[in-house]
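J.: Can you look at this prediction? I've put the sequence above it.
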Amino acid sequence: MNAVAFSLTNDGGLSIEVAGVWAALLPSGAAFIEAERTLVCADLHLEKGSAYARRGQLLPPYDTRETLRRLAADVASTQAERIVLLGDTLHDGQARDRMALQDAKALDVIARSRALIWIVGNHDPDGPGGLAGSALDELRIGPLILRHEPRAGPQIGELAGHLHPCARVVAQARSVRRRCFVTDGRRLILPAYGAYAGGLSVRDAAFAGLFHTPPLIGALGRRRVHAVKASAVAPD
Amino acid sequence: MRIASLDRPVEPGDDGKGVCSGLAPDVPPRFSDWFASRGWTPRRHQLEMVQKARAGQSVLLIAPTGGGKTLASFLPSLIELSAREPSDEPAGLHTLYISPLKALAVDVARNLTAPITEMGLPIAVESRTGDSSVAKKQRQRLRPPDILLTTPEQLALFCAWEGSRAYFQGLKRVIVDEAHALYATKRGDLLALGLARLQQFSPRMQRVGLSATVNDPDRLRRWLGPQTGLILGDPGAPPVVEVLLSQGHVPWAGHTAQHAMAEVYDAIRQARTTLVFVNTRWQAEFAFQELWRLNEENLPIALHHGSLSAEQRRKVEAAMTRGELRAVVCTSTLDLGIDWGEVDLVIQLAAPKGSARLVQRIGRANHRLDEPSRALLVPASRFEMLECQAAREAVAANALDGDPERDGALDVLAQHVMGAACGEPFDLVALYEEIRSAAPYAGLTWEDYEDVVSFVSTGGYALKSYDQFRRIVKGQDGLWRVRNGNVALRHRLNVGAIVGPETLNIRLLAGRRAGRKIGEAEEGYLEQLEIGDTFIFAGQVWRFHGVTGPDALVSPAPNTDPKMPSWGGSKFALSTFLARRVRAMIADEARWGGLPDDVREWLEAQKRRSLIPAMDDLLIETFPRHKRFFLCCYSFEGRLAHTTLAMLLTRRLERAGVGPVGFVASDYALAIWAARPMDGLDLDALFQEDMLGDDLESWLQESVMMKRAFKNCALISGLIERRFAGHEKSGRQVTFSSDLIYDVLRRHQPDHLLLRCARADTAQGLLDIGRLGDLLNRIKGRIRPMPLTKVSPFAVPVLLTIGRESVPGAHQDWVLEEAEDELIAEAMN
């Protein structure tokens, strides 16, 4: 049984090794592959707020703005040359029509002078449409394969989203529920990046059978990602 | 048992049997005959109610329980309805009765049938609550009864129905029962708005309020409506209130009163029926467990609190009504409710925290005016002994504390505006005037009103992207109306201003799945448990097997020592009013003589070893202990204000470089401990009022309390829905999304209406910032620093709380007891 290789950087950041490639896990929920200057994030669900509004629940319309603000901040801090969005970037087929012009322009700015790749997901099979970026079903980077939905059974080198992993951790009679990365060193499931995206407990049946060994949980904290044993995750 | 002798006799009151026979002509013969057939004479206040009604006046009736208040309020309607000409036309609703409790509405319906049947009156009375069947509700809409008994939430629902104007246009009278329990709450805001709406539908409608004694009747009258008269019922016999002193001793600290359980059991044994009031659910569980441990005679003693399933609570209430129980251990769930004539003793376990609440609870005993209610206060600690004495004196002097003044909440207003639009199209200005006729909203500015309307329509966002999704729209006729039937339907599903804490169902583990439901418990409590832990619930010990979705799974674990939850003290904070009385008692040495010996010795030792502060001074002690440095301040402003103060002081001490490590706050005092001495600090600067500025704001924004308050406001205002057609969102699902919304909104529109609401609620309800402000203002120039070399007698109860609060588990009490003996010896010698 191989344990997951991980390291804590000087500033307390968490890096993990997936299929021999090191990735830094950021507290925003993005992963940065230093060797490839590539920033990866999953499930932005842009315009989820307005999707609810259309059905009569007027959630604050700032989720797209907030998600793109975080993305721009990650790009600036990592100096990424390539951004890969792992699918479900848009919440639904009409999302791009509802998006404010200002937000669409913010995406343009992010895509300027670097590659912006949309892996398509079940919520956005058509890719970016009129927005910045280009669409792909999957992307190979060296030993890594980036796709939206994890394939069934253990996989080597897969980076995927779709499941919106979350973990409830209990300590000292307090409990927190946070979005998280999940990895067994062979594949990495990323947390949802979107400001309004919900979460699914990593103890849910949807995660069963995906990992070769009990996975490492990277729970998103305020300033950094915390490495937690899977056995420390409490039921929801 | 020994009853503490008290320094002040309970004053005899008016025996209150005045009957004004000259007013009898107001009552038709059929009614006076009925009174006579029962051997009764109409009471003065009952006749005055009839007169006021004749004069078309609204009125507030304040009378003690057992004074025939309910009959008094219905008498005018019964007389009017009995004199009605027979007609083929459907008559329409004549009188609407509103009670804060569903059970009360149902019970009053039952009680009204006696006079109606016995006099043979052609009057239809029905109740309507959330539990009424759909068929009954539909029938009531088509064919209203003469008298309808219901709850504030049902009235809000009525107002949100199309056709509500026609339904209520013949309404003559609305009766609000237990008005004192409603008016200072969000439910009271919603009801005041509903009454203003009814008044539009039926301009001549009379408002009648019923209330137990309150400290400020004029405020309650204003809340009820303009030009409300006042009728005072004759006071009943003054209550007999005693303070229990267990074997001559008062414990140093604690809040369970475990030491006195044997005496409490004795008192139950000697009484006919006893209500044992406690301040939290967990205290209720604890006391129930303890009493049954002592219950050698197998007396029927039951348990009643808000976490038990509704079905279980109904069972206890029914057994009580049938007179089958000797005692019920209960929380504020039984502060109000159906009259149980059999109750002859009320016991308050641990201090009452406020004199109005105590009077309300005492009034639950002996509902006959000529016999005094009997109550026994059981203090759980030294400071509580002082508080119980103060409360007893306050009750004797009929001096009551009141709720602080508050403005109507804007999240509630948003719900009401949406409801108004669902009912019928509204004119913006006319609705504004109507809303301002409700007292809580008399000061509503046009700007706030516009913000609320814009919130209801498009969410009130600076980013105007939701214009196409408006929930209410302005038509070409200039009137605002709901966009479509679906929006109205969803609103009606979510009406109400009660947001309970997030709860999980407690269910029996059946195989690996959830079985029968035992009750509900707060999520925050269950989070403290680990799988395999045992805990007490509904009077039994259970093993915790984890949570799945909305259910916590448990199995019975009889004969195990339960892991006790952290008690967390009382959920009510000591009232400002009682606190002042406690401070006065401490400052006045002449009054110590009336206290139990060990409490008096404690005060004397404090005087010798440290200082007894004058009534308005603030004593701040600093002393080293076990390599830590303590700062204790005795401000008596309640747990909430103290916790806030401790949070803010800790931030300042951090900056001052003394390295604060922890703090503990009780109703009476707070203690902060640090790595370095705090003797040399400039205390006047430390306690400057400016801590309520930036320090407060920066702490507040990140606090869990703001998030919780925001969630409640989001639910009440309709931003987040609790119920969709078909299924209900559980608390945890709502929490998750409301936190996401909070974070996004705070960054992108920090002045949004709901953030303002959440801030106001947090400042008022959760942090008691108003009270903290008053304290900081009061003690300016009155701080009495007292550097000591070791712990003081006053500090002992405070320091003992440290262990109790942070180390849950009754089985660990020996640790505390050891620490306790050492500490006491240190302080007293």
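T.: Nice, thanks for sending it over. Residues are numbered from 1 along each chain as shown, chains lettered A, B, ... in the order given.
J.: Now do stretch B:245-257: distance to the chain's middle.
T.: With C-alpha atoms, centre = their mean, to the nearest Å as the basis, stretch B:245-257 stands 26 Å off its chain's centre.
J.: can I get the CA coordinates of that stretch in PDB?
T.: C-alpha atoms of stretch B:245-257 as PDB (Å, rounded to 0.1, in the frame of the first residue of the first chain):
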ATOM      1  CA  LEU B 245     -32.000  26.600  52.000                       C
ATOM      2  CA  SER B 246     -30.700  23.100  51.800                       C
ATOM      3  CA  GLN B 247     -29.400  21.800  55.200                       C
ATOM      4  CA  GLY B 248     -28.400  25.300  56.000                       C
ATOM      5  CA  HIS B 249     -25.900  25.500  53.100                       C
ATOM      6  CA  VAL B 250     -25.600  27.300  49.800                       C
ATOM      7  CA  PRO B 251     -23.100  25.800  47.300                       C
ATOM      8  CA  TRP B 252     -20.300  28.000  46.100                       C
ATOM      9  CA  ALA B 253     -21.100  27.500  42.400                       C
ATOM     10  CA  GLY B 254     -23.100  25.500  39.900                       C
ATOM     11  CA  HIS B 255     -26.500  25.800  38.300                       C
ATOM     12  CA  THR B 256     -28.200  22.500  38.700                       C
ATOM     13  CA  ALA B 257     -29.200  22.700  42.400                       C
END
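J.: The residue of chain A found nearest chain B: which element?
T.: Nearest to chain B, among the residues of chain A, is residue A:58, at 3.4 Å (C-beta to the nearest C-beta). Yep, even glycine has a C-beta here, placed from its N, CA and C like the rest. Using DSSP states H and E, residue A:58 sits in no helix or strand.
J.: Let me see the contact set for the residue lying closest to it once chain neighbours are set aside.
T.: Nearest residue to residue A:58, sequence neighbours excluded (C-beta to C-beta, 6 or more residues apart in numbering or on different chains): residue B:459, at 3.4 Å. Applying C-beta atoms under 8 Å, 6 or more residues apart in numbering or on different chains, we find residue B:459 in contact with A:53, A:58, A:59, A:60, A:61, B:466, B:719.
J.: Equivalent analysis for residue B:477, please.
T.: Residue B:477 makes contact with residue B:425, according to C-beta under 8 Å, 6+ apart.
J.: What distance do you get for it to chain A?
T.: 23 Å (C-beta to the nearest C-beta, to the nearest Å).
J.: next one: residue B:310
T.: Counting by C-beta to the nearest C-beta, the gap from residue B:310 to chain A is 26 Å.
J.: So which bits of chain A are right by chain B?
T.: A:50, A:53-54, A:56-63, A:65-66, A:98, A:100, A:170, A:173-175, A:177, A:195-196, A:198-199, A:234-236 (C-beta under 8 Å from any C-beta of the partner chain).
J.: Out of the contacts of residue B:459, grab the one that's most surrounded.
T.: With neighbours taken as other C-beta atoms under 10 Å in any protein chain shown, the top of these is residue A:60, carrying 30 neighbours.
J.: Now it: phi and psi?
T.: With angles defined as degrees, to the nearest 10, residue A:60 sits at phi -50, psi 130.
J.: How about residue A:69, nearest residue that isn't a chain neighbour?
T.: residue A:106 (7.8 Å).
J.: One more: residue B:465?
T.: Per C-beta to C-beta, 6+ apart, closest to residue B:465 is residue A:61, 4.8 Å.
J.: Please list all residues in contact with that neighbour.
T.: If you count contacts by C-beta under 8 Å, 6+ apart, then residue A:61 has A:49, A:50, A:53, A:100, B:459, B:461, B:463, B:465, B:466 around it.
J.: Look up the pLDDT of it for me, please.
T.: Per-residue confidence at residue A:61 stands at 95 (pLDDT).
J.: wait, residue B:472 sits on residue B:482?
T.: Yes. Counting by C-beta atoms under 8 Å, residue B:472 does reach residue B:482; the two are 5.6 Å apart.
J.: in chain A, which spans are helices?
T.: Here chain A has its helices, by DSSP state H, at A:48-54, A:63-78, A:95-98, A:101-111.
J.: So which of those has the densest surroundings on average?
T.: helix A:48-54 (a mean of 23; mean count of other C-beta atoms under 10 Å in any protein chain shown).
J.: how about the helices of chain A in CSV, adding distance to residue B:427?
T.: Converted to CSV, these look like this (distance: least, C-beta to C-beta, whole Å):
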stretch, distance to residue B:427
helix A:48-54, 26
helix A:63-78, 35
helix A:95-98, 32
helix A:101-111, 36
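J.: Please identify which of those helices is closest to residue B:653.
T.: Evaluated over the helices of chain A, closeness to residue B:653 peaks at helix A:63-78, with 33.8 Å, by C-beta to C-beta.
J.: Could you write out the alpha-carbon coordinates of the closest one in CSV?
T.: Taking Å, rounded to 0.1, in the frame of the first residue of the first chain, the C-alpha atoms of helix A:63-78 are listed here in CSV:
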residue,chain,number,x,y,z
ASP,A,63,-21.7,34.7,-7.0
THR,A,64,-20.2,34.9,-10.5
ARG,A,65,-18.3,38.1,-9.6
GLU,A,66,-17.0,36.5,-6.4
THR,A,67,-15.9,33.3,-8.1
LEU,A,68,-14.1,35.2,-10.8
ARG,A,69,-12.5,37.4,-8.2
ARG,A,70,-11.1,34.4,-6.4
LEU,A,71,-9.9,33.0,-9.8
ALA,A,72,-8.2,36.2,-10.7
ALA,A,73,-6.5,36.3,-7.3
ASP,A,74,-5.2,32.7,-7.7
VAL,A,75,-3.9,33.4,-11.2
ALA,A,76,-2.1,36.5,-9.9
SER,A,77,-0.5,34.7,-7.0
THR,A,78,0.6,31.6,-9.0
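J.: for it, packing partners?
T.: Here helix A:63-78 touches strand A:38-41, helix A:48-54, helix A:101-111, helix B:731-748, going by 3 or more C-beta pairs under 8 Å, 6 or more residues apart in numbering or on different chains; DSSP states H and E.
J.: 6 Å instead, please
T.: Here helix A:63-78 touches helix A:101-111, going by 3 or more C-beta pairs under 6 Å, 6 or more residues apart in numbering or on different chains; DSSP states H and E.
J.: Could you list the residues in contact with the helix it packs on?
T.: Defining contact as C-beta atoms under 6 Å, 6 or more residues apart in numbering or on different chains, one finds that helix A:101-111 is touched by A:64, A:65, A:68, A:71, A:72, A:75, A:131, A:132, A:133.
J.: Can you give me the neighbour number for residue B:293?
T.: 10.
J.: That one: what's it in contact with?
T.: Residue B:293 touches nothing, counting by C-beta under 6 Å, 6+ apart.
J.: what about it, helix or strand, and which?
T.: helix B:281-294.
J.: Just the mean pLDDT for that helix, thanks.
T.: Rounded mean pLDDT across helix B:281-294 is 89.
J.: Same check on stretch B:347-359?
T.: Here the average pLDDT along stretch B:347-359 is 88.
J.: Quote the end-to-end distance of that stretch.
T.: Terminal residues of stretch B:347-359 are spaced 12 Å apart (C-alpha to C-alpha, to the nearest Å).
J.: Go through the helix or strand of chain A with the lowest mean pLDDT and flag the buried ones.
T.: Taking mean pLDDT, DSSP states H and E as the measure, chain A has strand A:6-8 as its least confident helix or strand, at a mean of 77. For strand A:6-8, burial by neighbour count (16 or more other C-beta atoms under 10 Å in any protein chain shown) applies to residue A:6.
J.: and it, which strands flank it?
T.: Using DSSP bridges, the strands paired with strand A:6-8 are strand A:14-18 (antiparallel).
J.: For the strand it pairs with, which outside residues touch it?
T.: A:5, A:6, A:7, A:22, A:24, A:25, A:183, A:188, A:218, A:225, A:227.
J.: ok, and the most crowded of the residues you listed?
T.: residue A:218 (32 neighbours).
J.: Roughly how far does the closest residue in space to that residue that isn't next to it in sequence sit from residue A:31?
T.: Nearest non-adjacent residue to residue A:218, counting by C-beta to C-beta, 6+ apart: residue A:181, 3.6 Å away. Noted for residue A:181: a distance of 7 Å to residue A:31, by C-beta to C-beta, to the nearest Å.
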